[in-house]
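K.L.:
The amino acid sequence is not available; the structure is as follows:
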């Protein structure tokens with residue numbers, strides 16, 4: 001296998017905080033619900049933007065009040081909370097935006113993550129223990145009545161729907177341009193996109209190569225969305241649609257494909273289900289064909305913040321998605337790949353900054 005070394009091997013192996021820092025973080029955890037809610041209000045009310053606009057001059061509380069639609073009391077308690085949270089600084093009775101405040105307000109990834117947590121996960125998060133006990137997404141009832149979130153994606157209430165797709169696309173879309181040369185160096189005639197979602201990856205392929213055909217595999221409700229997007233782009237002649245529940249023991253995947261692609265798909269399943277799906281891929285993949293898996297592994301991240309985000313996202317899968325999947329440790333995932341009869345040809349980290357693309361072939 002060729003690839004890259006673990007970007008930050010051992011990042012969780014040593015205690016790096018002093019006792020004082022540790023107790024501070026413990027208090028941060030204790031007040032986490034208010035920290036989150038206050039931070040979102042500070043962002044969405046315009047308070048943080050008002051502080052930012054003052055630049056190095058700073059701004060007094062009374063002046064912030066005149067620029068936002070909130071009572072003096074509300075602005076005061078939120079700005080004082082923002083001091084403890086670390087979003088703002090105060091000097092000589094004037095407020096200044098901190099570095100953390102800058103990124104919370106302006107960083108695209110942070111905004112996507114925050115909206116996802118607020119609109120999709122927050123209400124259901126209190127069902128975490130019950131979800132673990134029952135291996136079911138017990139928090140999903142706050143969004144709709146489906147066995148898993150995947151049956152309801154196109155019917156999610158707003159703003160959850162917008163925030164879910166923004167979260168999903170923000171991470172996956174960055175990898176597609178880098179994936180194209182890796183896939184097309186094999187000169188595939190037919191590519192199967194499993195978990196096609198809205199068809200974005202398939203559209204990248206159809207645009208990248210004028211001859212390749214795409215077979216999209218997903219639940220029917222998702223395929224309808226992908227089909228509409230592909231038809232609007234004028235590629236309907238080179239696309240086929242295969243409605244499948246990949247966990248159905250009585251159905252197989254379509255055969256005759258040179259490449260099978262799965263992007264942020266297998267993390268939606270439990271360990272044994274991943275093996276089951278990969279074994280289905282093994283049975284139908286053309287001889288000499290390749291399986292490409294685009295995933296986020298928390299142990300392959302360059303930065304602790306990225307690993308942390310993925311570890312927390314696992315709890316979304318528990319409470320809101322299906323109750324039994326996660327963002328995987330690559331060691332756990334690679335053992336499942338081996339069990340399903342594949343070997344890893346290449347493993348490339350830092351694709352789109354945070355992804356890993358695995359290239360598999362049959363053993």
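P.N.:
Here it is on my side, so go on. No experiment lies behind these values; they were computed from the predicted model shown. Numbers count the residues shown, from 1 in each chain.
K.L.:
At which residues are the strands of the stretch 51-200 of the chain located?
P.N.:
Assigned by DSSP state E, counting those that start in this stretch, the strands in the stretch 51-200 of the chain fall at 59-60, 88-91, 94-97, 190-194.
K.L.:
Check which helices and strands the last one is in contact with.
P.N.:
Using 3 or more Cβ pairs under 8 Å, 6 or more residues apart in numbering; DSSP states H and E as the contact criterion, the secondary-structure elements in contact with strand 190-194 are helix 200-208, strand 213-218, strand 257-263. Where C-beta positions appear, they are placed from N, C-alpha and C, glycine not excepted.
K.L.:
where does the residue of the chain most remote from its centre fall, phi/psi-wise?
P.N.:
For the chain, the largest distance from the centre (Cα atoms, centre = their mean) belongs to residue 92, which lies 41.6 Å off. For residue 92, the backbone dihedrals (degrees, to the nearest 10) come out as phi 50, psi 50.
K.L.:
for residue 323, same thing?
P.N.:
phi 90, psi -10.
K.L.:
quick one: it and residue 43, what's the gap?
P.N.:
31 Å (Cβ to Cβ, to the nearest Å).
K.L.:
before we move on, the earlier item: looking at the helices and strands packed on strand 190-194, spot the one closest to residue 292.
P.N.:
Shortest distance between residue 292 and these, using Cβ to Cβ, is found for strand 257-263: 5.0 Å.
K.L.:
As TSV, the strands of the stretch 51-200 of the chain with mean neighbour count, mean pLDDT and distance to residue 227 would be great.
P.N.:
Formatted as TSV, those follow (neighbours: other Cβ atoms under 10 Å; pLDDT from 0 to 100; distance: least, Cβ to Cβ, whole Å):
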stretch	mean neighbour count	mean pLDDT	distance to residue 227
strand 59-60	17	98	52
strand 88-91	16	97	48
strand 94-97	20	98	46
strand 190-194	25	98	12
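K.L.:
And those strands: which comes nearest residue 139?
P.N.:
The nearest among these, by Cβ to Cβ, is strand 190-194 at 26.3 Å.
K.L.:
Name the strands paired with that closest one and say parallel or antiparallel.
P.N.:
Counting by DSSP bridges, the strands paired with strand 190-194 are strand 213-218 (parallel), strand 257-263 (parallel).
K.L.:
right, so of the ones you listed, which gets closest to residue 13?
P.N.:
The nearest among those, by Cβ to Cβ, is strand 257-263 at 30.3 Å.
K.L.:
and after the helix or strand encompassing residue 316, which helix or strand comes next?
P.N.:
In the assignment (DSSP states H and E), residue 316 maps to helix 304-316. Using DSSP H and E, the helix or strand that follows helix 304-316 in sequence is helix 330-339.
K.L.:
what's that next one in contact with?
P.N.:
With contact meaning Cβ atoms under 8 Å, 6 or more residues apart in numbering, helix 330-339 is reached by 6, 266, 271, 274-275, 278, 293, 295, 297, 299-300, 343-344, 356, 358, 360.
K.L.:
Enumerate every residue touching residue 165.
P.N.:
Counting by Cβ under 8 Å, 6+ apart, residue 165 has contacts 153, 198.
K.L.:
For residue 341, see how far away the residue nearest to residue 202 when sequence neighbours are not counted is.
P.N.:
In space, residue 202 comes closest to residue 214 once its chain neighbours are excluded; the distance is 4.4 Å by Cβ to Cβ, 6 or more residues apart in numbering. Noted for residue 214: a distance of 25 Å to residue 341, by Cβ to Cβ.
K.L.:
And residue 323, by the same measure?
P.N.:
Taken as Cβ to Cβ, the span from residue 323 to residue 341 is 27 Å.
K.L.:
Who has more neighbours out of the two?
P.N.:
Neighbour totals were compared for residue 323 and residue 341, and residue 323 leads with 23 against 15 (other Cβ atoms under 10 Å).
K.L.:
Could you verify my assumption that that one touches residue 130?
P.N.:
No. The pair residue 323 / residue 130 is not scored as a contact, 9.7 Å apart, by Cβ atoms under 8 Å.
K.L.:
right, and the helices and strands packed on strand 190-194 - which one's nearest residue 76?
P.N.:
Among the helices and strands packed on strand 190-194, if distance is taken as Cβ to Cβ, the winner is helix 200-208, at 45.0 Å.
K.L.:
The closest one to strand 213-218, inter-axis angle?
P.N.:
170 degrees (axes from the mean of the first three to the mean of the last three Cα atoms, to 10 degrees).
K.L.:
Show me which positions of helix 200-208 end up buried.
P.N.:
200, 201, 202, 203, 204, 205, 206 (16 or more other Cβ atoms under 10 Å).
K.L.:
Which residues does that helix contact?
P.N.:
169, 172-173, 176-177, 179-180, 183-184, 191, 193, 196, 212, 214, 216, 226, 229-230, 233, 235, 238-239, 261, 263.
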